[in-house]
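**Q** Pasted the sequence and its predicted model underneath.
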Amino acid sequence: MKKNIAIIMGGFSSEYEISLKSGNVVYEMLDTTKYNGYRIHIFKDKWVYVDANNVEFPVNRDDFSVRVANRVITFDCVFNAIHGSPGEDGFMQGYFELLNIPHTSCGMYQAALTFNKRDCLSVLKPYGIKTAVSFYINLGDSINEDQIIDKVGLPCFVKANKAGSSFGVTKVHKKEDLQSAIAIGFKEDDEIIIESFLDGTEVSVGVITYKGETKVLPITEIVSENDFFDYEAKYLGKSQEITPARLSKEEENKVNRLAKKVYEVLKMKGFSRSEFIFKDGEPHILEINTIPGLTKESILPQQAAADGISLVALFDNAIEEALK
């Protein structure tokens, strides 16, 4: 008997449009001999099942079921394709865990931790994992520009602490631009992380649980046409994403080991994509994404393809792992 799979997409953040694209790719690529796919849009003002004719049916949030033509549909598993809140920050994970519904993403704690860049980096540092020098600001704090620049230097990156897809991120070259960059960050979050600029090769490393084992996928090198890997570079073609990355064997081994260590130290499951920059031959971690883009052009599907894993197989494995 075929399993009912709810594919959740949308969300509450600036990333909702990208999430809808990811979710629709999952829907299109599901193995229909094994699964019935249901597109579930989750927004602040509505949770709805959207059928093939784009007719909407409300989701009963008490048990995450849908009533269609006097038939109640329940779900065997949830495929989480929500980038940002509430799919990547622990809220949906906690909800499904309370309802005892299997889902394809990591656990609630891991999602909340990795979504908070400052907290995640603080947890990883004692394990010898290198990071950029950083400075933290909360909304309402007094801002001492000289103190910030003395610590992180120029240029530096000002980032919203809990946001993805490079929303709320600015590269600052001059002291006089710092305040406006901080204001941009605060539009996305009430916490800011300011990091030193690491000048080196940037790579993205996908790590997944595949057939019961932790698997590091082929590495992608990021070459941005813009000043850094911003929204335009990620989604509007202003970058080269080279898989496999042009690294020495030593560099490749170092970052592979590190990405796997991060995944296992944090007790991750499901998809992850970690970003690193090499400085003086050593990979420094920038962040971890637990619901990476899943469109055909996205980095993790590119990496899976380079490893001989089709989207159908990638998504099938994610569901099978969740159902275990």
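**A** All right, it came through fine.

**Q** What is the burial count for Val205?
**A** Neighbour count of Val205, defined by other CB atoms under 10 Å: 29. (C-beta placed from N, C-alpha, C; glycine too.)

**Q** can you confirm it is in a strand?
**A** Yes. Counting by DSSP: H, G, I helix; E, B strand; the rest coil, Val205 falls inside a strand.

**Q** That one and Ala259 touch, don't they?
**A** Yes. At 4.0 Å, Val205 counts as touching Ala259 under the criterion of CB atoms under 8 Å.

**Q** which neighbours do these two share?
**A** Shared contacts of Val205 and Ala259 (CB atoms under 8 Å, 6 or more residues apart in numbering): Val216, Ser274, Phe276.

**Q** Sort out which of those are in strands and list them.
**A** Counting by DSSP state E, these place Val216, Ser274, Phe276 in strands.

**Q** Turn those into TSV, columns for pLDDT.
**A** Shown next, in TSV, are those (pLDDT from 0 to 100):
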residue	pLDDT
Val216	98
Ser274	97
Phe276	97
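
**Q** most neighbours, which of those residues?
**A** Neighbour max across these (other CB under 10 Å) = Phe276, 28 neighbours.

**Q** In contact with it, which residues are there?
**A** By CB under 8 Å, 6+ apart, the contact list for Phe276 reads Glu202, Val203, Ser204, Val205, Val255, Leu258, Ala259, Pro283, His284, Ile285, Leu286.

**Q** ok, so of those, who is nearest Ala6?
**A** Nearest to Ala6 out of those is Ser204 (CB to CB; 27.9 Å).

**Q** Surely that closest one is in contact with Gly293?
**A** No. Ser204 is not in contact with Gly293 according to CB under 8 Å; the separation is 10.6 Å.

**Q** which residues do those two both contact?
**A** With CB under 8 Å, 6+ apart, Ser204 and Gly293 have common neighbours Ile299.

**Q** now, which of the ones in strands among the shared contacts of Val205 and Ala259 sits nearest Phe197?
**A** Comparing those against Phe197 with CB to CB places Phe276 closest, at 14.7 Å.

**Q** Could you find the closest non-adjacent residue to the closest one?
**A** Pro283 (4.1 Å; CB to CB, 6 or more residues apart in numbering).

**Q** Can you pull out the low-pLDDT segments for the stretch 201-324 of the chain?
**A** Along the stretch 201-324 of the chain, the parts satisfying pLDDT under 70 run over 226-238.

**Q** now the helices for it?
**A** With DSSP state H, counting those that start in this stretch, the ranges of helices along the stretch 201-324 of the chain come out as 231-235, 249-265, 299-306, 311-323.
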